[in-house]
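1. below are the sequence and a predicted model for it; my questions follow.
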Amino acid sequence: MGTRHFNSFPYSICMHQPTNDPQNESGSSVERSPIASADSVELIDQDSVVATPVEPSPKDFRLIDPRFIPAERLSSLILLIVTTLGSIVVYLAMMFSDADQIFMVLAAVGLTLLCLSLLWNTIFWPQIEYRHIQWRLSEVGLEIRRGVFWKKEIAIPWARAQHADVSQGPLQRMFEIGSLTIHTAGTKNSSVTIDGLAHEQAVALRDEIIRQRKESDVV
Amino acid sequence: MSSDPPGHNGDHSAASDKPPNPFAATNSNSTPPIAAPSDEDRYLHPISLVFSLIGQIKSNLLPALFGVLGAANGNLFYIFLALIFLIPSIAISIIRYFTVRYRISDGELVVNEGLFFRRTRTVPVERIQNVDLVQGVLHRLFKVAEVRVETASGTKPEAVLNVLSLSQVELLRRDVFEQKKITPPIVDTSTSLSSVSLDPEPVDASASGRFPEEEASENFAAHPNVLETTTLLKIPLAWLAKAGLASNRGLIMVSVLLGLYFQFDRRQGRDYDFSFLSQWLPDLSNPYLMTAAVIAAAIIGLILLRLLGVGWYILRFFGYQLRLSGDDFKISCGLFTKVSATVPRKRIQFISIHSNYVSRLMGLSSIRIETAGGASSENENATTTVSRRWFIPVIPTADVTEIIGKLRPGLHWQPEQYNWQPLSPKAGRRMMRIAMFVSLLLMPIGYYFLGVWGCGVTLIALPTLVAYAIKKSRSMQFARTAFGIVYRSGILTRKISLTFFEKIQATKIVQTPFDRRWGMATLSVDTAAAGPADHTIDIKYLDADLARREYREILLASAQR
């Protein structure tokens, strides 16, 4: 049964995806450059993509769409700006309300650290996160790996996918990426999400999952 | 009929367009209400008014109590308050009684309700899993029952009909199962007081009248009309008593009662004065006598607790019967509140066998199951509690193998012979380290409360926690078998759970930074229900390589079914 699903999957739609396969690395980056911003291509071309494999892995795990990085950066940037402005307001308010000298120093250090960590979160974190989201379709189903520190790997057999949705926030829409959520009849992991797929690919995947959803009850 | 707009419900001309029910045509020996065409609107039993009112009052228990208490003191405000809560309740009950109607037509159960906001709920009959009954003492007095129509989806019953007469219930059940093209279970006189005779002709007629010929004959072969109903298990009173002795139910009941008592008492601002007790007690100034009295009180208390537990078990499970009718398990039990529930065999996702220390000494276990379709712990009701959490409240451990074979035909349950995989050899050490850390943390806390002697807490906690950690790490084992995954754990209360490859919805492996340092991983499988069994397959501290291998194998096996 698994094989039937596998064979009928339109592979063309996911072939342009970059992989973490070392041989493929340079070629795929060229392929994706038309859609990716120059910024992200430059970042991915560092050997870092293959430097930290989650485990001695089968070669066919794919990375998500590189436009995930600028989208994440933008959303982090918004958070950074809001927080920085907020920090300045708080600090000014403390200054004018004659707060204790010690508190002033503590607040200055704390708020600066907060803003710096958000800055780091804006500049460096998205590409680290990007490298650690991988997925693949195999004869058994959809497998997802993610997590930088807490590494998770989850697999949903084809026959267990009940339905799937694609969602897109305003920022994601700007970068034409989307999230695919697959629902199973399960409880704890009843919905599994891959963020940062190219939107049209997410839609194609969703349609495929819906098409392959077994007619009979799976529970 | 399914295209009827909502609110079109009372229309009998639409109903008369349909071909007459073949059931009614052939089943000449049945009583008039039973012979009624199945797609005619039916109403609740008149006594619903009372039950609905009781339900309304129950849900407004606190204001009602306030009102009654205050009204007893002649406080006008409270009388007013009571009326405010009572009048809408009465009005709602009356409206509900006159507006709720249901019918089965075109393979759908249609329930209409509401006066201002009309609601039509349509449940396709083939989706209906269970038609469960709950009968309290009052219900049984009036020969009615609360009916819960359950489907696989959702956490709540799809429709609740509160209340129907037993003959209506039987009619509903029969219609549902007839439409499902599964013959109804044999009506057994112990649970239903109506005598519906189900001779082969009606079903045959309905099949040829409504369904294509070949489908009907195939159906007929697949489901022989008279389903074999076998009684799998009857629980005698002695087992229930033993189970009650072994359980901590009494403790829970006492704590609930105490909580209620104190809560209500404090409202009236009463001081507690237990000095009146002293007139019955001997003079306890002698320290030896005092000690003896305390010990005696403790023992008496313990015995009373256990007896309460026995009482709970008997109240709940008196006359427990597990029957297999076709492919459905039927449970009926209860001393005052009778519960009858149906569990379709193929909906069983997860089987969990529990036994605590005392019940193991007595050679008893209990079996819990999980079925698809809800039963999250917040939405538990009498039927789901019995049919899932207490599927088999007590069974001799020796009989477990046989009953599991019935739950899952072809499965020979032999836990000793499985290839049990222990946790990582370092797991004990890791858990021990956590235990040491915790007991060291206890030291300053003990010091804060008890001074220098408080540090002694650590001296006691350290060996206890370490021993516990080692024992616990050894108790957790899992096995991948031909049918699925088996997981066992627990030192005092031992639990063995099994699930099947075709029921596994997702497989997951997680590695935390700590895990990576120890070379470990957590392996978990997700099934369609996780709650009542109180035991999830979520195995920590496995050797990382083993976990990865098993993850792959489980994934492959579950994808193939």
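-> Cool, the structure landed. Residues are numbered from 1 along each chain as shown, chains lettered A, B, ... in the order given.
2. ramachandran coordinates for B:Ile491?
-> Backbone torsions for B:Ile491, taken as degrees, to the nearest 10, come to phi -100, psi -60.
3. do you know the pLDDT at it?
-> pLDDT recorded at B:Ile491 is 90.
4. run a quick neighbour tally on it.
-> 13 (other Cβ atoms under 10 Å in any protein chain shown). Bear in mind the C-beta positions are built from the backbone N, C-alpha and C, glycine included.
5. now swap in B:Ala398 and tell me
-> Neighbours of B:Ala398 using other Cβ under 10 Å come to 10.
6. that one against B:Gly363, yeah?
-> Yes: between B:Ala398 and B:Gly363 there is a contact under Cβ atoms under 8 Å: 6.8 Å.
7. alpha carbons of stretch B:291-302, as PDB, please.
-> Coordinates of the C-alpha atoms in stretch B:291-302 are reproduced here as PDB (Å, rounded to 0.1, in the frame of the first residue of the first chain):
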ATOM      1  CA  THR B 291      -0.100   6.000  71.200                       C
ATOM      2  CA  ALA B 292      -2.300   3.000  71.300                       C
ATOM      3  CA  ALA B 293      -5.400   5.100  70.600                       C
ATOM      4  CA  VAL B 294      -3.800   6.800  67.700                       C
ATOM      5  CA  ILE B 295      -2.700   3.500  66.200                       C
ATOM      6  CA  ALA B 296      -6.100   2.000  66.700                       C
ATOM      7  CA  ALA B 297      -7.700   5.000  65.100                       C
ATOM      8  CA  ALA B 298      -5.400   4.700  62.200                       C
ATOM      9  CA  ILE B 299      -6.200   1.000  61.700                       C
ATOM     10  CA  ILE B 300      -9.900   1.600  62.000                       C
ATOM     11  CA  GLY B 301      -9.600   4.500  59.500                       C
ATOM     12  CA  LEU B 302      -7.700   2.300  57.100                       C
END
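8. list, one by one, the residues from chain A near chain B.
-> A:1-2, A:55, A:139-141, A:143, A:147, A:149-160, A:184-190, A:192, A:217, A:219 (Cβ under 8 Å from any Cβ of the partner chain).
9. so how do I select the buried members of these in PyMOL?
-> Filtering the residues of chain A next to chain B down to the buried ones (16 or more other Cβ atoms under 10 Å in any protein chain shown) takes a single PyMOL command:
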select buried, chain A and resi 2+139+140+141+143+151+152+153+154+155+156+157+158+159+160+184+185+186+187+189+190+192+219
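10. domain ranges for chain A?
-> A:1-10+A:19-28+A:57-64+A:135-219, A:69-126 (automatic domain parsing).
11. dump the ones you listed to CSV, plus mean pLDDT and distance to B:Ile351.
-> Rendered in CSV, the data for these read as follows (pLDDT from 0 to 100; distance: least, Cβ to Cβ, whole Å):
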stretch, mean pLDDT, distance to B:Ile351
domain A:1-10+A:19-28+A:57-64+A:135-219, 75, 15
domain A:69-126, 92, 44
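12. now for B:Trp518: which residues touch it?
-> In this structure, B:Trp518 makes contact with B:Ser424, B:Lys426, B:Arg430, B:Tyr541, judged by Cβ atoms under 8 Å, 6 or more residues apart in numbering or on different chains.
13. closest to chain A among those residues?
-> B:Tyr541 (15.5 Å; Cβ to the nearest Cβ).
14. wait, the closest one touches B:Met520, no?
-> Yes: B:Tyr541 is within contact range of B:Met520, at 5.2 Å (criterion: Cβ under 8 Å).
15. common neighbours of the two, please.
-> In contact with both B:Tyr541 and B:Met520: B:Ser424, B:Lys426, B:Ala427, B:Arg430, using Cβ under 8 Å, 6+ apart.
16. tell me the bridge partners for B:Thr123.
-> Let me fix one detail, which is that residue B:123 is Val and not Thr. With DSSP bridges applied, B:Val123 shows beta-bridge pairing to B:Leu109.
17. residue contacts, it?
-> By Cβ under 8 Å, 6+ apart, the neighbours of B:Val123 are B:Glu108, B:Leu109, B:Val110, B:Val111, B:Val149, B:Thr151, B:Glu158, B:Ala159.
18. of these - the most surrounded one?
-> Of the contacts of B:Val123, with other Cβ under 10 Å as the count, B:Leu109 tops at 25 neighbours.
19. that residue touches B:Arg127, doesn't it?
-> No: checked against Cβ under 8 Å, the pair B:Leu109 and B:Arg127 is beyond contact range at 9.2 Å.
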